[in-house]
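Visitor: Provided below for reference: sequence and predicted model.
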Amino acid sequence: MTRVIFVLWMFSAAQAQTQAPATPTIEALLKEVHQLRLALERLAQIAPRIQIAVERLKVQQEKVARTAQQLEELRRDLDRRRSDQPKIQQRLQAIESQASQAVDPGRRRELDEGLKMFKVEAEEHEKSLQQMQAREGELSGQLQTEQSRLTELNDRLDQMERALNVP
């Protein structure tokens, strides 16, 4: 019987404690703990995304740099090849002129053979130049694509940063 009374007394004491109004300080602390918990949950959700986005950003920056370097090297080679074009044309005209003015049939035949070989080389040079120009277009398009992806990743990181700043 004393046990029953004791249990009832404990039950009523516990009920009185839970029903007692909390002080403003305790209410403020509970509210702050709740906000802290929400902030930690949000950080736990966003932190891995940010880390992944930063790694993707690094990879994309490397792709952009590599593509830009390839394009720059190709353009230097193209400039060099283009500057060779007038020299090739001059040389071709000089050989044609020599061949047409040659009196000796042996010398003329030799110049004609040299002219044929030089024309083949000039055609190969022209084909190579055209291929390089096509590759330049491809690389230029690829660079624009990679740069737009980089911009998208930067925008995504900016969005995440703004989300972190929202209270």
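Guide: The structure has been received and is ready for your questions. Numbering: from 1, shown residues only.
Visitor: quick one: low-confidence ranges for the chain?
Guide: Of all residues in the chain, those with pLDDT under 70 make up the ranges 1-22, 166-167.
Visitor: Can you name the residues that contact the most centrally placed residue in the chain?
Guide: In the chain, the residue lying closest to the centroid (C-alpha atoms, centre = their mean) is residue 60, at 2.5 Å. Residues counted as contacts of residue 60 (C-beta atoms under 8 Å, 6 or more residues apart in numbering) are 146, 149, 150, 153. From N, CA and C alone the C-beta is placed, and that goes for glycine too.
Visitor: so what secondary structure elements neighbour the helix or strand containing the third one?
Guide: Spelled out, it's residue 150. Under the criterion DSSP states H and E, the helix or strand holding residue 150 is helix 105-165. Using 3 or more C-beta pairs under 8 Å, 6 or more residues apart in numbering; DSSP states H and E as the contact criterion, the secondary-structure elements in contact with helix 105-165 are helix 24-101.
Visitor: what's the angle from the helix it packs on to helix 105-165?
Guide: Here helix 24-101 runs at an angle of 170 degrees relative to helix 105-165 (axes from the mean of the first three to the mean of the last three C-alpha atoms, to 10 degrees).
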